[in-house]
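K.L.:
For reference, the sequence and a predicted model appear below.
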Amino acid sequence: MSIVELEQVVRNVNDRVARIEQILPTLATKEDLKAFATKVDLKAFATKEDLKAFATRDELREEGDRTRRHFDAVAERLEGHIQLIAEGQVALQEQFDGFKKEMRSDIAGLDRRLMRLEAFRA
C-alpha cells in the first residue's frame with residue numbers, strides 16, 4: 001500500500017472515530033440500564049402461556065350471564081314459595097278470626113249461663 005493510500009485510510013479511521021465519539025455520550029451505560037428489569041426479574045411475571053389458564057373477558061361475561069339466568073330462576077321459585085306462604089298466612093288468619101268469633105260466642109253463652117245461675121241462687 002502506498003503512503004497516499006495509507007494516509008487516506010488513517011483519515012477515514014479518524015473520521016469514523018470522530019463520529020463514534022459524537023454518538024458515545026448518547027448511549028446508555030451499565031449504570032443507566034440498572035433501573036430496567038433484567039431477564040431474571042422478568043421471570044417473576046406471567047407469560048402468555050401462563051395467562052392462557054385464566055378466563056378471558058368473554059368467558060367471564062358468559063359465566064356472568066349464566067349466573068344471572070340461574071339466579072333469576074331461583075328468585076322465581078322463591079317468589080312462588082313466598083306467595084304460597086302468604087296465602088297460607090291469610091288462610092290461617094281467617095281460621096283464627098273464625099275461632100276468635102266462636103270463642104267469644106261460647107264465652108258470651110257461658111257468661112249468660114253463669115249470670116242465670118247466680119241470679120237463681122240469689
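P.N.:
Alright, I've got the coordinates. Computed from a prediction, not measured in an experiment: that's the story for all the values here.
K.L.:
pLDDT of stretch 15-29, averaged?
P.N.:
When pLDDT is averaged over stretch 15-29, the result is 90.
K.L.:
cool, and stretch 103-115?
P.N.:
What stretch 103-115 shows for mean pLDDT is 93.
K.L.:
what about residue 104, neighbour count?
P.N.:
The number of residues packed near residue 104 is 10, by other C-beta atoms under 10 Å. Any C-beta I mention is one placed from the backbone N, CA and C, and that applies to glycine too.
K.L.:
How much space separates it from residue 96?
P.N.:
For residue 104, the distance to residue 96 equals 13 Å [C-beta to C-beta, to the nearest Å].
K.L.:
tell me which helix or strand of this structure sits lowest on mean pLDDT?
P.N.:
When the helices and strands of the chain are scored by mean pLDDT, DSSP states H and E, helix 39-42 comes last with a mean of 82.
K.L.:
Residues contacting the next helix or strand after that one, please?
P.N.:
For helix 39-42, the following helix or strand on the C-terminal side (DSSP states H and E) is helix 48-51. For helix 48-51, contacts defined as C-beta atoms under 8 Å, 6 or more residues apart in numbering pick out no residues.
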